[in-house]
Structures are given as structure tokens and as C-alpha cells.
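# Sequence below, structure please.
(chains A, B and C)
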Amino acid sequence: MNGNDDGFYYLRGIPVPETPLPDQNPQPWQKTEVVGRPLPRVDAYERVSGNAIYPSDIVLPNMLYAAVLRCPHPHAIVGKIDTSAAERMPGVRAVITGSSPEADFSWPYSPEMKTKLFNPHCRFEGEEVAAVAADTIYQAWDAVRAVSVNYNILAFVSDEAKALATDAPSVHAGGNKLKIDRYSRGDVEQGFADADVVLEETYRSECELHTPTESHGCVARWDGDHLSIWQSTQGVYSIQATVAKIMDLPLSKVRVIGHYMGGGFGSKLGADKFTIIAAVLAKITARPVKLFMTREETLIAAGNRPPVSMRLKAGVKRDGTLTTLDFSAVGTGGAYPAGGTSLVDWLIRDLYLCPNVRTETTDVYVNAGPARAFRAPGHPQCSWALEQMLDALAERIGMDPLDLRLKNIPSYSQARPGNPPYVSTGLRECITEGAKVFGWHEARKKTAEPTAGSHIRRGVGMASALWIGGGGGPPSTIVVKLFSDGSVSLNMGASDIGTGTKTVMAMVVSEELGVKPDVIQIENADTGTTQYATPSGGSKTVPTESPAVRAAAIHVKQQLLALAAVDLKTDESSLTLIGDAVVSQADPERQIRIRDISGLKKRGLIIGVGYRGPNPEGKVINPFAAQFCEVEVNTLTGEVKVIRFLGAHDSGRVMDRLTFDNQVFGGITMGIGLGLTEARILDRNQTGKMVNRNWHDYKIPTAMDVPANIISLPIETDNREANTTGTKGLGEPVTIPTAGAIANAVYNAVGVRITGTPINPLQLCSALALLRKEE
Amino acid sequence: MMPEFTYIRAKSLKDAFSHLSGEGARIHAGGTDILGCMRDKIFDVKSVVSISGLNDLKGIRETGEGLHIGALVTLTEIAENPAVNGRYPALAQGAASASSPQLRNQGTIGGNLCQKPRCWYYRGEFHCLRKGGDRCFAVAGENHYHCILGGEGCYIVHPSDTAPALIAYGAAVHIEGRKGKRSIPIENLFVLPSQDVTRETVLEPGEIVTEILLPPPAKQMKSSYRKVRARRSWDFAVAGVALALQLKGDIVSSARIVLSGAAPIPWRSKEAEDSITGKILDTANARKTGAAAVSGAQPLEHNGYKIQLFRGIIEEALITISAA
Amino acid sequence: MSEDRDEKGCGGRGEECGRGMTRRNFLASLGVGAIAIAASGNPAAEKEASAAVIKSGEALEINLQINGHAHRLLVEPRWSLLHVLREELGFTGTKEGCERGECGACTVLIDNIPRYACMTLAVEAEGKEITTLEGLMHGEKLGAVQQAFVEHDALQCGYCTPGQIMAVEGLLRKKPDPSLDEIRTGVSGNLCRCGAYVNIFKAAKKAGQLKRGGVL
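Down below sits the predicted model:
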């Protein structure tokens, strides 16, 4: 990973077309009327009324339901499959397996590693073995249960540490070591020599699962040789490209629609095997097929944040100057190449000023479900280690953890070749302003006071972060249509994954054209009718799409003024758009309402096209963050209660204050899950099967686990150099520092460092008992 | 996905008994547990006998004998009932802390007592001892949430949050079947794996819990239920403790201490009760009582923390109740 | 593939099988693809419920009262209320998240009480008043809780939102002026993976105010 957005994970494997440069880059907004206000979502009505049709809501005439038989073992060779009983069952219309000619497709886990749609060698529990289509979903599952399969069960390995042993079962021929990445700068040994304090610690971040509330799936329908797919996805064009390639279809014959989607967090960036399976079953039966994973299937086979064990040795001078960071990690993306250690060292490399840095990350195969990009890949794991280490160093040199961080703030990217400067870095302001609003110093003073008597202790902690992406960039093409009455339609390919993309883009149109956001019709996320967009992910949708939207709106405005100039018999350069009228700046009496412009009446509408221009050369666009929290720890039981949180975020210009704040709340909530409740558990010593494959045993935070008191504090830096809307991404940074901040607060409360996620009573209560014994 | 079954809507208890005598027949009260078990195919169910419409099993009423709670009373109804809150707060707290609001609105007290274990091996695709297999996967497996007391062959914990309180109050459970009625102390309802690893209660096939009877509480009784879980809602007890203490001044004259999350049955800790009985309710004695409760504990590889956790939760519960 | 294969020893097309019917036979006898018959306000449709024993593989004709309208339809014993609402009747305001009572996306009101439609057999819902998200609308106008969710941006992807709204609606019908703790408990059976809880709390508070001010 070179840190540039080129080849970024959400673009991997997706053809990216060259996009023309915009005609003209507009000047930055001086003052905004609409942008920045707290505006309710433009599609909120649809979402709260049930009118929004999510892919899983779709019921088509004559539709069949499909279910997939998945390998129940973590490692097995599929032998004889007997589908005869299943085929005879009521309502069953098709059964396919690896030996069905119609299902003979390859499936690329990476460019180098191609498997089959139904791979005879199953390397993780949940790998696809057969599929059924039937009249009802109940009948489909009856039939799945009636398929009998002979498995040759192989030895498995679940643990990444054990996977590296010489006698470990091989997931793939050639051993379990997928790759080792190394990075270094300066002289680490010299850095240790220069340090006054050197600390070393090991950390572990457990496997976390995305579990969006709408499960993964699609509806597929053929009209002759034309395939339509309604899929719960972050990117319709990425699915279109993959399906067309695998099934050897022209792009124009594959239409992917994903108007609404119920959460993805990175697990719905591209096509899935089920997409192809549904298309195959629909082809065989000549009927539409609905195929959604059950909740259990999503937990074993729809991706995860890879588990990783980390070691960090760090040196610091008494004045707080970091002298060295030496980091190594072993992680796993499961049974196939899936970025097991991708970006897991990035914060070590780039968050704090440090001349001497060395990292080594080892990605290994195990027999478990493949990872997928998960909200800020690698970063929360790295933050968990680095931010706890920073706190430990600060304590040893008697410095406020805040001051240690402030002492080491870079203005340029140390890890990228040539040390390019950041367009903006609000890290210092995030920390100082955040501390002020949170009341950091008062709170720290209070928690330092002895608390005699009570077994409930309070603690405060903080952590800061950056996100490697967040600048966005080409390609994006946007079409804005102005109807003859002055109302507007906005056409874009991007999905709104819950972040408020549609609303933000409507605000941009409104800012430029004056039309109210709620009368803007938005058409999006449909390869048949909307423009090309990359998947919504990686905190890049707003900085990618909003400049293109702005360009398209300006393109409309230019044409509108030209048409008005004809009616007003004046030069268009003297005209401006005010509300629903075009007005002469020189002579405000000379004006015409949009609906009266004769040229517009004749044409019916104006089409404006906007493209996303390139990012500035030699500059880095990253969002920055600092989060603060207060916790209450029950020293008898090890229960942790999060009392309050503050997220100070520099993501450039705030577009919609409501959706901005909501992202902050959401990222913190997800970080609370990583920090306090979530972990995948495999039956590592016996069967290798996942034991907590449901939402009771895999515990994501409930309303009771999240404080009602969360403050979102936007730090608006000047990013006019980054793009024409001055925006940076927000969706990833909001979840990066959360877990580390909680760990630091727990330490502040009770003096115990929990170095493995999650900090639950299982871990904490034993650690507290140990501490009591020592006392 | 739910397999097929025959659905029987019982018109009377007698009707239910006759249908329940068949092979593979199971009771549906609130349905929250049985439907989950069927969906996960933990055991074969041929027919579901719904008793949800039987009004005789509904309602809470008071007589000279005490408080009668019909088996179909929901956990929400119990948690919100003024009589329960006033006189049997541990039961109200237990009912209120079980699962989620929606499931409390649907799940019944009878079902809560008779629910199947939550062990992930039992609920998962593992042919374990309790399902007729030849081993308990928890012994060498991922036993973080398993029992530290009373496990023998099988290491489940009993999932009920209401049973510990009911045992602490000395409740009786009324059972009815084809052969007639019987009433037993609720403490005797549950079965240890050493007695029979394939069942959780002493109910014979076709028998139904019809009513819970709570005896009138003694005047100087203090009671509570406290539960620690890995998530603050919608989670079973990692450790829980129901207390019912009789106090004479500062002195505990008698005590019932019942643990959830500790053993395959709601675990009445005689050691803890003995430790605090006759003693002043202070921090030192609370701590000793916690230690006594786990004196016989035999943790597995990953659940040793429960020893500390039970010591902590019992100490805390006793201190809290002394201040109340 | 044959349409009228015998099922578990039942008779052929159109023939009664025990006291239930096979679904396909019923479809065949109607000759249409839709099996739901809206029979709003028709007391004749609300006839005496149900045979007492419905064998597996058979279907039973039931009446469901949904949002004030009667729906007469054939269901199998194993069909959940969720399945019937979504896949048979086309109510998109009840979402499917887990089908195992662990997320709350399918929350509906049954006799004004929030319950999971996925953990409720359709046959068990007969004779009860079922309210879905659609039932909170006044024509095209949003109900009070829905309005408050919009105002406070109490959603992100929106998929858990119908369930959250129904949980809040159920709470407010019981407790018109809930405290923050009561609100948190009230929605503690509804997972939101996007993490909009903080705004859901605000929206629930506001919805209570709206309702007490006469907005329904």
C-alpha cells in the first residue's frame, strides 16, 4: 500500500475508467446558505415509512427462493454429492453443485488465486457446496438439508500463531505464510539508544464481524440475455464489472440496482458468490431468484476484520520526543488472500512524528472465513496498540498523555515517499479543542483523587487518529437536470450506505442552484440509469462525489444564464441566479423567472455534466481525529460502563451537521463494540467451527452499552486545496481511536492494562483480582 | 430455517396432555425458546402443542397461600406487577433483566423455567452428550461461559434469571399431566447432568408447569437479584446472584443465596448461606461469603475468571442489600 | 416438475387433506398467484378460527388483523408472522434481520405490545391486532414517532429503523412520558449496527412530546 488512493482496496479488481477533467474548477465557497446546516435526510420519509424498498424487500412475480449448502467443516474435500432426494422434494425447481455445467464458473479471491464457484476443496467453514431454488424459502432449506455430501475431512488450523508451525496443516499448497511486508526508516537501534524510556508490550485485536442489519444477498432476474440484479451493496458498478467478467457478459447486459441498502461497513463493496449463484439458478429455472444469506451464514462467511497479534517496542525522551517505534504483527485474513495485515501498521508509520520506525507484518492463512475490508481496515487494530503504548510512555515520563501526543504532531506524511505535506492537519486542534470541551484536565484531576470506600472507579482516556484515505478522487461523473419549472434531478451512481450521501449531494445542488433540497429528485445506485461511481467506502464518497456534483450544477447554471441572457437581451456574464429568477447584477430590475425563460421552455430541460477532477499533486489529504471518554469500572465484577464520549474530528468542511454528528455517534458505537463486547470465537482445539454465529453469542452493542452523552465536535480545517467542496472523509476516522481511548480510560480508572480486545468482565475481573493480591 | 411440524392448538389442558403424549411433541407457550430450538434443529420436533390460548394458565392472583403466578404470565407482566415488585423484588429484577423487552413481552415464566440451555455447543452443530452424543465439547473447547460448579460430564449453565429468585423465596411449582397434579419445591425442578444428562427438569413427558406459588415473604426479609453479563442488554448471566435474607437487627438470621451462570442448575450455595448466617452483614463477612460460594468450584480452561466474578458479585450484592 | 405431487400422503389437487389444505392446492383452486385477500371490515371473513390440528405440509386458512384490515390467507404451521408479512403480503415496513429473535428489525405491535414477528408463528397471531410500520401512517403522512425520527436523524442505513420505531411506539403507548432510562430499555431489544442510538433516544423523547401534544 503506497498510501495514494490509486489501487486502494475499494477499487481493487474494479476497472476504473479515465475521467475527463472538469471544464473549469470553481472557486471555493466563500459563504454557504445550505451546506453546513443540520438538514434532515432527503430520503428520511422513505426510510421511516417503509416506502424504501431494500433489496431484501423485493418480491417479484413468479419469484423463487434460493438457499446455499455450505461446508460444515473448516477444511474438507467435497466427495460425492447426492441431490436426488432434494430434487424430488415439493416446490424444488433447481439444484446445482460443482458438477453442474451451468455452474461451472471460476471465482477469483485474488488475481493469482482463482477457485471455483463451488470449490471441491473447502478451506473454511461456510464455503459453498451446492444451492437450491424452490417455491418458498422454507422448501429451499428443506431441500438443502436433504442433499447428502461425502466430505473427506482434513486437518485444520484456526490460530494464526499455530499456522506458522512447521507441522501445521496447510491451508494451501506451499504453506500458510501468505506474505511478509517490511517497512523501515531511520535507525531503530539508535532510536532506542537515544530514548530515556523504552517500553515493550504485546497486544491483540480479536476478529470482529461486520454484521450489517440487512444481510448479504440479491434478487436476480433474466429478461432473455439481459441480467438484472437487485443487491444490497455499497457499489453497483463494482458488482456489474465482476458479474460481467465471470459470466462473460457485456457490461450493458448486466444491470445492478441497489437504491437502498441496510449497512455494509466494507462487507458489501463487491460481488459475492451468491450473486453468481442466484444468476445461475434464475437462468436454469427461467424465473427470478431471491438469495439472501441467513444471519448465521453472514457471520461465518461474509467477511470480518482480521484478528492480529501485535508487538510494539517504543522509545521516548523525557521531554516527550518519540525516538523510535518498532512494530511487528501476525494476522490472518482467513483461508484466502484477503488483506489479513493490510494497513495494520499504518498509524505506527504515520500518525506521530518519529524518525526511527520499523514494521514487519506477517499475513498467514488459517481455515476460517476470508476477511473483507472493514471500516478503516487495519487502523483500529493498530490504534489499539499504539494509543495504549503512548499512554504507558506518558505515564513513565510523567507527562499528560495529551501533551505527549501534541509534542509529536507531524505536518507532513512521514511514510510516503518524499514526505508530502498534508493539505490540512487538524490533529492539534482536535486534541486541544476536544480536551477543552470534554473538560479533560478537570476530569483527569478528579480521577487522580483517591476514592476510598467505593468499588466503582471512574477513569478518563483519549486517543487520536488519522485515516490513510479520505481524500477521494476521480473518477466520478454526475448529471444534473434542470426541468423547465426550475426543479432539479440529480443523477449519480454512488450508493447512500446510510452516511447521508444523497442528502449531502442535494445540499450541494441546492447551494449552487438555489432549489430547495427536498424538491430535488435523486436517481442513484443503478448501473442501468445512473453514472459511473466507485463503491461507497473508505471515507471517500463525499470528497469524491460532491465536487463532481458541484461541477454539474455549475454546468447547468452556465447554460441557464446563457438562455436567460437571450430573453433579457444582455450579456450572460452580468447575470446571476437568485432564488427562482435570473437577475442582472448591474440592473436588478432586469430579471426573469426560470419558468419563463423561453429557451428553457423550448428545450424542456438543461443537462449539466460534472466530473471529479484530480487531487493536488504532491499533497496528502487525510482526516484527523481525537476522541475522549469517561468510564466507570466496577472493581468487584470487572464491568465497564461508558459514561460519556467526545469525538473531535477534522474532516474538512461539515456538509450536513446532522449526518456528520450521526457518523461520529455511529463510529464511536462500533468502536465500543470492538473495545468492550465483540470477538469471533472458533472451536480451535476440536472442530474449528465458529461457536458464536448468532447475534446473541456474537455481541454487538445495544442501546444499553452506549452512552447517551456523546458530543460531536467538528474541527473545520481549510481544505480548499483538496477539492472544490473542501471536504475530507469521515466514516472511517470516527471508529479508529475509540477502543484505544476506552482502554486508556479503564487503565486510568483502575490501573490495569487490558492488551487484548474486548475488555469484558471475563478479562477484567481476573486482572483486577490479581492486582488486589499484589496490593 | 424452520423445518415442518404439525401444529396443535390446545383447547384445554386436558387436550394438551393428550397431544403431548405423542413422540416428538413439544409445548409452545410464548414460543421464544422452542421456535429457536426447532430452527436450529437441536432436537426433532414432530408436533408443536400450543397452550398459548389457555386462559387458566394466565394471571397473577393472591390467596392466603401466597402469590400465584400462572405459567403463561409473561416476564414483562411479572417485572411490572406491583405485588411482585413490592414483596418479591428479586423476582421482578430477574424477570426485568432477562433477554430483551420484546422477548419479555412474549416469553412466559413457565417457559423461562423450562428453557433449554444456551451452551453454544448444545445450540450449535455439535452432537454433544446432552443431544445423545458421546462427549461434552465444552471440556476441551471454548468454555468461557460454562459452569464452575455442579458440572459432571456436561458443563452447561442454567439460563434462567427468574429461577434463582424463585428458589431464594422458596417457591413451589405446580405441575400437571395426564396422571394428575403435583406440587414440588422449585428447587427440586431442576436436574443435574450427573442425574440425567439428557434433561433439565423433572417434568415427565406430557407434563406441564401450570403455576408458580410464592409463599408470603417474612417481615424482615431483604431480597435482590444482581446479574453480570457480557453485554448490558439481551444477554444471559455470566454470573448472577439472588439473595433472600432474614435479618434480626444487623444479624443475618437465615439466608438463601442462589447463583445463576454458575452451574447446570440454578445453584443454591449452602456454603455461602452457612457463611453469612448468624453473622453481621458487613464487608468482611460479605467477602467471606463470596469466597465460600466458590470454595468448591472446579473451573475449566477459560472460565476461571468466574471464581473471582462470583466472589465479587456476591460481595457487592450483600453490601448493597445491607445498605438498602 | 409436477405441480400436483402428493404431499405426505395427502390427496390430490383440490382435495381436502386432514383439516388443512396444501398451499398449492389452494392456489390451484383459486387459479391465481396471490393468496392474500384483503377483506377490510368484512365480519364474514372473521369466522371461527382454525382447526385444532394442522399436520405438517398442510396449510391452514387464517384471518390476520393487520393495521385494522382483515387478511384471509393460507399459511403453513411453520410460517412465521414475519414471513407472512414480508413475502406473502408485501409489507416492507417489517424487516428481516436475523429470524431468531436477536435483532428487533421485525418488531411489530401485537395487541399494542412490541414483539418479534420472526419469533411468532403466523397461526399464533390469529385473533390479535397486528400493527406494522405502515399502520403508524395517516395516509401519506408520517406518525409522531416517524416524524421525530426524521427530525433527529435517528437512523443511518434505515434497515433497523422500522423496528426501532415500532419499539418506541409500543413504549409510548404504555408510557407516554418515558425517562431516558426507560427509553434506553425500551429500545434495548433493537440492534442498530450503524450506531444511531444516541439520536434514537432523542427522537423517542421528542415523539413522546409530539404525542402528548396531540400528534398521533
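# Which residues of the stretch 301-450 of chain A lie near chain C?
Taking Cβ under 8 Å from any Cβ of the partner chain, no part of the stretch 301-450 of chain A reaches chain C. In this view, the C-beta of every residue, glycine as well, is placed from N, C-alpha and C.
# Now for whichever residue of the stretch 301-450 of chain A sits closest to chain B: which residues touch it?
Residue nearest to chain B within the stretch 301-450 of chain A: A:Ala368 (13.9 Å; Cβ to the nearest Cβ). By Cβ atoms under 8 Å, 6 or more residues apart in numbering or on different chains, the contact set of A:Ala368 is A:74, A:124-125, A:158, A:207, A:332, A:334-335, A:682, A:688, A:690.
# do the same with A:Val504
A:Val504 makes contact with A:542, A:546, A:655-656, A:659, according to Cβ under 8 Å, 6+ apart.
# so which pair among these is furthest apart in space?
Spanning the widest gap among the contacts of A:Val504 are A:Ser546 and A:Thr659, at 12.7 Å by Cβ to Cβ.
# If you count surrounding residues, which of those two has more?
Neighbour comparison, A:Ser546 and A:Thr659: the larger count goes to A:Ser546, with 30 against 26 (by other Cβ atoms under 10 Å in any protein chain shown).
# can you confirm that one is in a helix?
Yes: with DSSP: H, G, I helix; E, B strand; the rest coil as the criterion, A:Ser546 is assigned to a helix.
# ok, it to A:Glu617 distance?
Here the criterion is Cβ to Cβ, to the nearest Å. By it, A:Ser546 lies 21 Å from A:Glu617.
# what do you get for A:Glu429?
Separation of A:Glu429 from A:Glu617 (Cβ to Cβ): 26 Å.
# More neighbours: those two, which one.
Taking neighbours as other Cβ under 10 Å, A:Glu429 and A:Glu617 compare with A:Glu429 leading, 18 against 6.
# which residue packs closest to the more buried one, ignoring adjacent ones?
Excluding the flanking residues, the one nearest A:Glu429 by Cβ to Cβ, 6 or more residues apart in numbering or on different chains is A:Ile715, at 4.7 Å.
# Was I right to think A:Gly126 contacts A:Gly303?
No: with contact defined as Cβ atoms under 8 Å, A:Gly126 does not reach A:Gly303; the gap is 11.0 Å.
# residues shared between the contacts of the two?
Common contacts of A:Gly126 and A:Gly303, defined by Cβ under 8 Å, 6+ apart, comprise A:Gly369.
# quick one: contacts for the residue in chain B positioned nearest to chain C?
Chain C sits closest to B:Ser100 of chain B, with a gap of 3.0 Å, by Cβ to the nearest Cβ. By Cβ under 8 Å, 6+ apart, the contact set of B:Ser100 is B:233-234, C:101, C:104, C:188-189.
# can you list the residues you listed in JSON lines and add neighbour count?
Below are the contacts of B:Ser100 laid out as JSON lines (neighbours: other Cβ atoms under 10 Å in any protein chain shown):
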{"residue": "B:Ser233", "neighbour count": "22"}
{"residue": "B:Trp234", "neighbour count": "27"}
{"residue": "C:Gly101", "neighbour count": "30"}
{"residue": "C:Gly104", "neighbour count": "32"}
{"residue": "C:Ser188", "neighbour count": "23"}
{"residue": "C:Gly189", "neighbour count": "28"}
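# Poorly predicted segments of the stretch 551-700 of chain A, please.
Residue ranges of the stretch 551-700 of chain A with pLDDT under 70: none are present.
# Residue ranges of each domain in chain A, please.
What the record gives for chain A is the domain set A:9-31+A:472-611, A:55-154+A:211-301, A:308-470+A:618-774, from automatic domain parsing.
# Just the terminal-to-terminal distance for the last one.
This means domain A:308-470+A:618-774. Start and end residues of domain A:308-470+A:618-774 are separated by 30 Å (Cα to Cα, to the nearest Å).
# Restricting to the contacts of B:Ser100, which residues neighbour chain A?
Contacts with chain A within the contacts of B:Ser100, counted by Cβ under 8 Å from any Cβ: B:233-234, C:188.
# All the strands of chain B, in order from the start?
B:6-9, B:25-28, B:47-50, B:60-63, B:66-70, B:172-177, B:180-185, B:208-214, B:221-228, B:239-248, B:251-260, B:267-268 (DSSP state E).
# Those strands into JSON lines, with extra columns for distance to chain C, mean neighbour count and mean pLDDT?
Output for the strands of chain B, formatted as JSON lines (distance: least, Cβ to the nearest Cβ, whole Å; neighbours: other Cβ atoms under 10 Å in any protein chain shown; pLDDT from 0 to 100):
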{"stretch": "strand B:6-9", "distance to chain C": "3", "mean neighbour count": "25", "mean pLDDT": "96"}
{"stretch": "strand B:25-28", "distance to chain C": "8", "mean neighbour count": "22", "mean pLDDT": "97"}
{"stretch": "strand B:47-50", "distance to chain C": "7", "mean neighbour count": "24", "mean pLDDT": "97"}
{"stretch": "strand B:60-63", "distance to chain C": "17", "mean neighbour count": "12", "mean pLDDT": "97"}
{"stretch": "strand B:66-70", "distance to chain C": "17", "mean neighbour count": "22", "mean pLDDT": "98"}
{"stretch": "strand B:172-177", "distance to chain C": "20", "mean neighbour count": "21", "mean pLDDT": "98"}
{"stretch": "strand B:180-185", "distance to chain C": "24", "mean neighbour count": "12", "mean pLDDT": "97"}
{"stretch": "strand B:208-214", "distance to chain C": "17", "mean neighbour count": "23", "mean pLDDT": "98"}
{"stretch": "strand B:221-228", "distance to chain C": "14", "mean neighbour count": "23", "mean pLDDT": "98"}
{"stretch": "strand B:239-248", "distance to chain C": "18", "mean neighbour count": "24", "mean pLDDT": "97"}
{"stretch": "strand B:251-260", "distance to chain C": "19", "mean neighbour count": "23", "mean pLDDT": "97"}
{"stretch": "strand B:267-268", "distance to chain C": "27", "mean neighbour count": "24", "mean pLDDT": "98"}
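# What is the least confident helix or strand in chain C?
Within chain C, no helix or strand scores below helix C:23-30, which has a mean of 37 by mean pLDDT, DSSP states H and E.
# returning to what we had before: please tell me how far the residue of chain B closest to chain C sits from C:Val187.
Remark: distance between B:Ser100 and C:Val187 (Cβ to Cβ) = 10 Å.
# Fine by me, thanks again.
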